[in-house]
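Peer 1: Here's a sequence, model it:
(one chain, ligands or ions: 1)
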Amino acid sequence: MQDYTTDPSIRITDAIAHPLTQKMPRPTITSWGTYSTVSLVLVEVRTDAGHVGVGETLARFAPRAYCDLIETALKPRLVGQSPFDISAHWHSMRRALSGRSGGMLFEAISGVDIALWDILGKAAGLPVWALLGGVGRKQVDVYAAAVNWGDDAQADAELDSYIERGFSRIKVKMARPVDEACRRIERMRKRAGDGVGLCVDANWAYELDEAVEVGRALTANGYDWFEEPLKPEDEAGYEALRAQCGTPLAGGESNYTTDQAVRLVAGRTLSVLQPDVARAGGITETRRMADLAQTFNVAYAPHIGMSGIVCETASVHLAAAMPAFRVMECECDESPFKTQLADLPPGCLRQKGGQVSVPKGPGLGIEIDWDAVRALRDG
Ligand SMILES: [Mg+2]
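Peer 2: Numbers count the residues shown, from 1 in each chain. Alright, predicted model coming up:
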């Protein structure tokens, strides 16, 4: 039997940030353009009892700048402290920014926070979902992301491939022009048939009037949700759209902390809240956001973007434990950070019949391949 200990004398000895950048085998195409490379920061936190916790920071651009933040602004607040006082560390790290919550620092905090939960689970001999107070889920529902904003032939082929792989829910990327978007919405519905759940993600593509028009096409074609139609700061725009759109609105991946979700959730403007655990403030803060969603009868649907296996796995634990959970994103890009970083079948291969299994091992339940981390480092 393994010897687990949460001895309060254990201390954090180091926090190391690994900047990772690689070329994508297949580009992702959204309303923002084409992404050919993918970056993130893997965070490693160590203790004097030999624990190694891993976390992931969403770092789409300039990953080395995040490493500098972790090294200079966050690590000094952690070394010499107990790894188990996670909430205290969250608030201590948050005070490294004297302004409002948000930006790169919160993405950096997210990576450290996930690593601390991994340590707590490894020390206690319990998976993170159990530490969060599970609700008995052994599998979580996922949807395929995404049909890219490519030409019709590419969109048709991607839709077909997701259906062939067993997904019953699929996300389609949308952009301008509006008439082209409306045509794509109808085309995908006709091709998928009525038995497949479809939703769209516009990645802030539209002005309000455009979004109203796209929303009509979504409602006419029975789509499940309209994700990020407007830029995230335009909360009044979201409220106006909610009044004019019969399709539920989804958003939250661009939000940092509960503060930035509360108005749209409490007002039921959003029907689906989609925080990203590697951006919003880690497991500590994403749990608060999922609880907020539950309080107001809004669904929690974890966002997985061009993320790695650590973000994906942390999201599975949250999905397994949060009562408001509805469905998790299964980003089907072929990022090496999903397939090469850990000794675990890659995320989308674990997908079977539109579900993924919940890890059983202590902490996050994955073993990082540190040779792969060294090989994938950005300098
Ligand atoms: Mg999105």
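Peer 1: Run through the strands of the stretch 101-250 of the chain in chain order.
Peer 2: Along the stretch 101-250 of the chain, counting by DSSP state E, counting those that start in this stretch, strands occupy 139-147, 169-173, 197-201, 226-227, 249-251.
Peer 1: so which of those strands is the most packed in?
Peer 2: Counting by mean count of other CB atoms under 10 Å, strand 226-227 has the highest mean neighbour count of those, with a mean of 30. In short, each C-beta sits where N, CA and C put it, glycine included.
Peer 1: what comes into contact with that strand?
Peer 2: Strand 226-227 has contacts (CB atoms under 8 Å, 6 or more residues apart in numbering) with 171, 199-202, 211, 214-215, 218, 245, 247-251, 272, 274.
Peer 1: circling back to that earlier point, can you say which of the strands of the stretch 101-250 of the chain is nearest to Leu97?
Peer 2: Of all the strands of the stretch 101-250 of the chain, it is strand 249-251 that lies closest to Leu97, at 23.2 Å by CB to CB.
Peer 1: Chain neighbours aside, what residue packs nearest to Met306?
Peer 2: The shortest distance from Met306 to any residue other than its chain neighbours is 4.7 Å, reached at Val38 (CB to CB, 6 or more residues apart in numbering).
Peer 1: same thing with Thr21?
Peer 2: Counting by CB to CB, 6+ apart, Thr21 lies nearest to Asp378, which is 3.7 Å off, once chain neighbours are set aside.
Peer 1: Please look at the one you found and Thr37 and confirm they touch.
Peer 2: No. Counting by CB atoms under 8 Å, Asp378 does not reach Thr37; the two are 9.6 Å apart.
Peer 1: which of those two has more neighbours?
Peer 2: The residue with more neighbours, out of Asp378 and Thr37, is Asp378; 17 against 13, by other CB atoms under 10 Å.
Peer 1: contacting residues around the more buried one?
Peer 2: Asp378 neighbours (CB under 8 Å, 6+ apart): Pro19, Leu20, Thr21, Ser39, Pro63, Arg64.
Peer 1: Just the closest of the residues you listed to Ala175, please.
Peer 2: When the contacts of Asp378 are compared against Ala175 (criterion: CB to CB), the nearest one is Ser39, at 22.5 Å.
Peer 1: Help me confirm that the residue nearest to Met306 is found in a strand?
Peer 2: Yes. Assigned with DSSP: H, G, I helix; E, B strand; the rest coil, Val38 falls within a strand.
Peer 1: Count the neighbours of it for me.
Peer 2: 23.
Peer 1: and what of the one 3 residues further on?
Peer 2: Using other CB under 10 Å as the criterion, Val41 is surrounded by 29 other residues.
Peer 1: hang on, it in a helix?
Peer 2: No. Counting by three-state DSSP, Val41 is not part of a helix but strand.
Peer 1: hang on, it packs against Ala17?
Peer 2: Yes. Counting by CB under 8 Å, Val41 does reach Ala17; the two are 5.2 Å apart.
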